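A.B. asks: here's my sequence, what's the structure:
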Amino acid sequence: MATPAAALPGTVPARSGAHDPVAALIAAVGIGALAAIPWSIDGGASALGLVVAGAKWPRYAATIALGPLFVAAAVMLAAGWLRSARVAAFAAGFGLAWGFAQGFVAAGNGPAFGVGAALALAAFTVCFARALARLGWFSANVTIATIVVVIAALLIVFIFYPVGSALIAAVLDARGKFAPGLVGERGQQLGHSMPDVAEREPTCVDPDDLPQLGEFRRKGFGIGRHT
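C.D. replies: As a prediction, the model looks like this:
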């Protein structure tokens, strides 16, 4: 059975010139989150505060990591008012990808995502989905586009991001420097620390060594006995 053309991405006539005040409002929320809400889960400064202060983690600068997010959010806001869905999609997609990528690069050496990071990345995600719908993707249905993109983002956050962070942390030394040779060393240490179960002698516990079990055994386990 043939798939309807309207169900295929990009086959619905684009409405890139349509005004989308909701996307502009969401973009404004994202900018507000970057400017005023603490970026890290531990609190502290917002993304703007970290950029202005030039905060640095081991081999990682906040200006390079978080600065592009402001540019992407500003372009996304302007594109929403100027009715340019392509520019909005590019800016939102770039902001979303950059936001997660800088987290992967930082791994355990950077701040953990907090409320500010969550709101900013959520704004990029929703604006990206709405821009795709205006370009004709997902049958130009904003609801379907948002559901699909949000689910993909959740998979990144709760599956690919933790696994990727763990893999990256495995090749970083104590100072945060890239050291791929540590993978083999850590694997050997893990192998040496695990006992060889096959060569171990079977052991058992003498109930007489434990008062409760000894008393339980002397009473014949209490099955079918009457006092």
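A.B. asks: could you say what helices and strands the host helix or strand of residue 165 packs with?
C.D. replies: Per DSSP states H and E: residue 165 is located in helix 161-169. The criterion is 3 or more Cβ pairs under 8 Å, 6 or more residues apart in numbering; DSSP states H and E, and the helices and strands that helix 161-169 contacts are helix 85-106. From N, CA and C alone the C-beta is placed, and that goes for glycine too.
A.B. asks: tilt between the helix or strand just after the helix it packs on and helix 85-106?
C.D. replies: The element immediately downstream of helix 85-106 (helix or strand, assigned by DSSP H and E) is helix 115-134. Using axes from the mean of the first three to the mean of the last three Cα atoms, to 10 degrees, the direction of helix 115-134 lies 140 degrees away from that of helix 85-106.
A.B. asks: check which residues of helix 115-134 are buried.
C.D. replies: Within helix 115-134, the residues that count as buried by 16 or more other Cβ atoms under 10 Å are 116-117, 119-134.
A.B. asks: got it, and stretch 149-165?
C.D. replies: Buried residues in stretch 149-165, counted by 16+ other Cβ under 10 Å: 149, 153, 156-157, 165.
A.B. asks: next: stretch 38-46.
C.D. replies: Taking 16+ other Cβ under 10 Å as the neighbour-count basis, stretch 38-46 is seen to contain the buried residues 38-40, 45-46.
A.B. asks: what mean pLDDT does that stretch have?
C.D. replies: Across stretch 38-46, pLDDT averages out at 85.
A.B. asks: need the contact partners of that stretch.
C.D. replies: Residues lying outside stretch 38-46 but in contact with it, judged by Cβ atoms under 8 Å, 6 or more residues apart in numbering, are 33-37, 47, 50, 53, 55, 66, 111-117.
A.B. asks: what about burial for these, which qualify?
C.D. replies: Buried by 16+ other Cβ under 10 Å: 33-35, 37, 47, 50, 55, 66, 111, 113-114, 116-117, out of the contacts of stretch 38-46.
A.B. asks: please identify which of those is nearest to residue 86.
C.D. replies: Nearest to residue 86 out of the buried ones among the contacts of stretch 38-46 is residue 34 (Cβ to Cβ; 23.0 Å).
A.B. asks: state the distance from the closest residue in space to that closest one that isn't next to it in sequence to residue 155.
C.D. replies: With sequence-adjacent residues excluded and distances taken as Cβ to Cβ, 6 or more residues apart in numbering, residue 34 is closest to residue 47, at 4.4 Å. Residue 47 sits at a distance of 24 Å from residue 155 (criterion: Cβ to Cβ, to the nearest Å).
A.B. asks: between the buried residues of stretch 38-46, which is nearest residue 21?
C.D. replies: Each of the buried residues of stretch 38-46 was checked against residue 21 using Cβ to Cβ; the closest is residue 46, at 25.3 Å.
A.B. asks: is that closest one in a bridge, and if so with what?
C.D. replies: Beta-bridge partners of residue 46, counted by DSSP bridges, are residue 38.
A.B. asks: show me what contacts residue 78?
C.D. replies: Taking Cβ under 8 Å, 6+ apart as the criterion, residue 78 is in contact with residue 87.
A.B. asks: tell me the mean pLDDT for stretch 133-148?
C.D. replies: On average, the pLDDT along stretch 133-148 is 91.
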